[in-house]
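In: structure, please.
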Amino acid sequence: MTEDSMCNIKHGSPLAKLIQLSKLIIWDEAPMTHRHCFEALDRSMRDVLKYSSHYDASLPFAGKTIVFGGDFRQILPVIPKGTRQNIVHAALNSSFLWSFCTVVRLSKNMRLARMAGEPNEPAIQSFADWILKIGDGAFAENQNGESLIEIPDNMIAPMTSDPVDSIVRAIYPDFLTQSDPISYLYSRAILAPTIDEVEKVNDYMLSQIDSELRT
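Out: Numbers count the residues shown, from 1 in each chain. As a prediction, this is how the structure comes out:
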């Protein structure tokens, strides 16, 4: 993907017709994507819709409404061996398209709203506020411009010679003896940065099950 790339959308193709008929296009987790991808879609949509009387090819995305969802406090585009400057330059808000965007901020945590009245609601609200403070850089800085963020003990898995075993025991204690394993597993998760690490965790958990495996 380069600054001149185009999407492989041919005039008259089913995909081109679908784009013409669409009223709204939603691109989720947009901050993770390189700006060249958005600019490629912009050029391609202008090209596909330039012969339509309902759209104006001089406008971004030929005037189609595009919703970019995501949070810039989370993962930005991954640039192999890139510098901070490279990463910032690759982000959506470094694109010329950003000046045409209207930023709408979420005002209500819907996940917390669903938990209203539950016993652990205050603890989850406190955790959500703590995460937002980290993302917003709201912790006090020292003279060097650095912030000291103390992670609560209940969020730290013990250090052992087998980190996979340690984190599984911390997140899924006694999971083999649960009376309702489906809801138990559904209520928690282990996140990993790569598929290889996910497979290590899955393989370890499956190795603890003393029964015949089926696929």
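
In: can you tell me the SS state at the residue of the chain most remote from its centre?
Out: Distance from the C-alpha centroid of the chain peaks at Ser53, with 36.3 Å (CA atoms, centre = their mean). Look at Ser53: counting by DSSP: H, G, I helix; E, B strand; the rest coil, its state is coil.

In: measure it to Val67 for me?
Out: In this view, Ser53 and Val67 are 24 Å apart by CB to CB, to the nearest Å. In this view, the C-beta of every residue, glycine as well, is placed from N, C-alpha and C.

In: what about the residue lying closest to Asn109 once chain neighbours are set aside, which SS state?
Out: Among residues not flanking Asn109 along the chain, Ala128 sits closest, at 6.1 Å (CB to CB, 6 or more residues apart in numbering). Put simply, Ala128 is helix when judged by three-state DSSP.

In: pretty sure Ala128 contacts Met110?
Out: No. Applying CB atoms under 8 Å, one finds Ala128 not in contact with Met110, separated by 11.5 Å.

In: looking at those two, which has the bigger crowd around it?
Out: Remark: of Ala128 and Met110, Ala128 carries more neighbours, 13 against 7, as counted by other CB atoms under 10 Å.

In: in the chain, which residue is most central in space?
Out: Centre-nearest of the chain using CA atoms, centre = their mean is Glu29, 4.8 Å out.

In: which of the residues in whichever strand or helix holds Gln85 are buried?
Out: Using DSSP states H and E, Gln85 maps to helix 84-90. For helix 84-90, burial by neighbour count (16 or more other CB atoms under 10 Å) applies to Ala90.

In: tell me the average confidence for it?
Out: The pLDDT scores in helix 84-90 average 96.

In: the helix or strand just after it - contacts with which helices or strands?
Out: Using DSSP H and E, the helix or strand that follows helix 84-90 towards the C-terminus is helix 110-113. Where contact means 3 or more CB pairs under 8 Å, 6 or more residues apart in numbering; DSSP states H and E, helix 110-113 is packed against helix 121-136.

In: CA atoms of the helix it packs on as PDB?
Out: Output of helix 121-136 as PDB, limited to C-alpha atoms (Å, rounded to 0.1, in the frame of the first residue of the first chain):
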ATOM      1  CA  GLU A 121     -20.300  -2.200  39.200                       C
ATOM      2  CA  PRO A 122     -18.200   0.300  41.300                       C
ATOM      3  CA  ALA A 123     -15.000  -1.700  40.800                       C
ATOM      4  CA  ILE A 124     -15.500  -1.900  37.100                       C
ATOM      5  CA  GLN A 125     -16.300   1.900  37.000                       C
ATOM      6  CA  SER A 126     -13.100   2.600  38.900                       C
ATOM      7  CA  PHE A 127     -11.100   0.400  36.500                       C
ATOM      8  CA  ALA A 128     -12.700   2.100  33.400                       C
ATOM      9  CA  ASP A 129     -11.800   5.600  34.900                       C
ATOM     10  CA  TRP A 130      -8.200   4.400  35.500                       C
ATOM     11  CA  ILE A 131      -7.900   3.200  31.900                       C
ATOM     12  CA  LEU A 132      -9.200   6.500  30.600                       C
ATOM     13  CA  LYS A 133      -6.700   8.400  32.700                       C
ATOM     14  CA  ILE A 134      -3.800   6.400  31.200                       C
ATOM     15  CA  GLY A 135      -5.100   7.000  27.700                       C
ATOM     16  CA  ASP A 136      -5.600  10.700  28.300                       C
END
